[in-house]
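Undergrad: mind folding the following:
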Amino acid sequence: MVSQEQRRRQLAREKFLRQQQRRTSARRKTHTRNAVIAAVVGVVVAGGALSYLTGAFKSDDKKANAGAEVTPSASPTSKAPDPCEKPAAGKVKSLAWKKEPAVTIDKSADYTMKMATTCGDIDIALKASAAPHTVNSFAFLAGKGYFDHTKCHRLTTDGIYVLQCGDPQGTGAGGPGYTIPDENLKDKSLKGNVYPAGTVAMANQYNAQTQQGRNTGGSQFFLVYQDSQLPPDYAPFGTISDAGMKALKKIAAAGAQAADPQTGNTAPNATVAINKLTVTKS
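TA: Now for the predicted structure:
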């Protein structure tokens, strides 16, 4: 007999799949519109600027920017005082590349990712040997300042409990212009289709119903603050420190806003911005 809790989780997953299909359809329409815009811009823009715009639109169309949602929209929670500080001065950089950077990390070494956020530091031990492409990509992007001053755009508080970050656009549709392969999907920590609290994993555009969208990770990732039932389709590449979990739970405790009518995102009530993200070898 299915318990009430099991039924609630099942409904949450079904809602997630419906949203994923709608957003995939919406992105396709946006990509078509962008292609038309790019053609018009190409008439009046010359030289390096044209090359940049063309590359950006191609990456949005072909690479898909890893903007797929990984969680169902959460119900908004009551407004709580903002527990976070104001973002540091600075602007998000507009950067894009045509292909994944060459893997140059030492797969046998230990790497740590530090998210210096407005809500406190979140340190993450990275799994370089199990997810070398993912860790290498984050090291590359961090070195370019790609994540600096970006906002974490999504917090889910019902059924699945994650904070999603890594999109300079702040909409859930942005990415670096290239994609990376899915890695480490058989990680021993993923038992019973549960991503345990403290897991850091990649967002992607995989659709479990159509079984399409593999290897579409870009720059967006999510941090699990409470055990969350999800199929092992999202590459786990790091583990959050105890101090980092305290900061993450502080963000979660402040709750989420109502879903944005344009993006469907439930933004955190807390002002969550990454002042600086660094990846270091130890």
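
Undergrad: which strand is the longest one in the protein?
TA: Among all segments of the chain classified by DSSP state E, the strand with the greatest residue count is strand 273-281.

Undergrad: tell me the secondary structure at the nearest residue to Ala130 once chain neighbours are set aside.
TA: Leaving aside its chain neighbours, Ala130 sits nearest to Asn184 (4.3 Å; criterion: C-beta to C-beta, 6 or more residues apart in numbering). In short, each C-beta sits where N, CA and C put it, glycine included. Under the three-state scheme (DSSP: H, G, I helix; E, B strand; the rest coil), Asn184 adopts coil.

Undergrad: surely Asn184 is in contact with Asp233?
TA: No - checked against C-beta atoms under 8 Å, the pair Asn184 and Asp233 is beyond contact range at 11.7 Å.

Undergrad: who's more crowded, these two?
TA: A count of neighbours by other C-beta atoms under 10 Å puts Asn184 above the other of Asn184 and Asp233, at 22 against 19.

Undergrad: so for the longest strand of the chain, mean pLDDT?
TA: Computed over strand 273-281, the mean pLDDT rounds to 98.

Undergrad: what are the contacting residues of it?
TA: 87-88, 90, 105-106, 109-118, 126, 135, 138-139, 142-143, 147-152, 165 (C-beta atoms under 8 Å, 6 or more residues apart in numbering).

Undergrad: can you list which of these are found in helices?
TA: Mapping the contacts of strand 273-281 onto helices (DSSP state H) picks out 135, 138-139, 142-143.

Undergrad: from those, which is closest to Ala256?
TA: Using C-beta to C-beta, Phe138 is the member of those that sits closest to Ala256, with 25.2 Å.

Undergrad: what ranges of the protein fall below the confidence cut-off?
TA: Along the chain, the model assigns pLDDT under 70 to residues 1-10, 12-79.

Undergrad: now do the helices in the stretch 151-282 of the chain.
TA: 242-253 (DSSP state H, counting those that start in this stretch).

Undergrad: OK, contacts around the closest residue in space to Asp187 that isn't next to it in sequence?
TA: Distances taken as C-beta to C-beta, 6+ apart put Pro236 closest to Asp187, at 4.9 Å, once the chain neighbours are dropped. Shown in contact with Pro236 (C-beta under 8 Å, 6+ apart): 127, 131, 184, 187, 189-190, 195, 199-201.

Undergrad: which among those residues count as buried?
TA: 127, 131, 184, 187, 190, 195, 199-201 (16 or more other C-beta atoms under 10 Å).

Undergrad: show me what contacts the most centrally placed residue in the chain?
TA: Centroid-nearest residue in the chain: Gln220, 2.4 Å away (criterion: C-alpha atoms, centre = their mean). Contacts for Gln220 (C-beta under 8 Å, 6+ apart) come out as 66-67, 164-167, 172, 174-175, 202-203.

Undergrad: save the buried ones among the contacts of Pro236 as a markdown table, and put in distance to Lys250 too.
TA: Below are the buried ones among the contacts of Pro236 laid out as a markdown table (distance: C-beta to C-beta, whole Å):
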| residue | distance to Lys250 |
| --- | --- |
| Lys127 | 25 |
| Ala131 | 27 |
| Asn184 | 28 |
| Asp187 | 27 |
| Leu190 | 26 |
| Tyr195 | 20 |
| Thr199 | 18 |
| Val200 | 17 |
| Ala201 | 21 |
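
Undergrad: strands along the chain, start to end?
TA: Going by DSSP E, the chain shows strands at 111-117, 120-126, 150-151, 154-155, 161-165, 194-195, 199-202, 221-226, 228-229, 236-240, 273-281.
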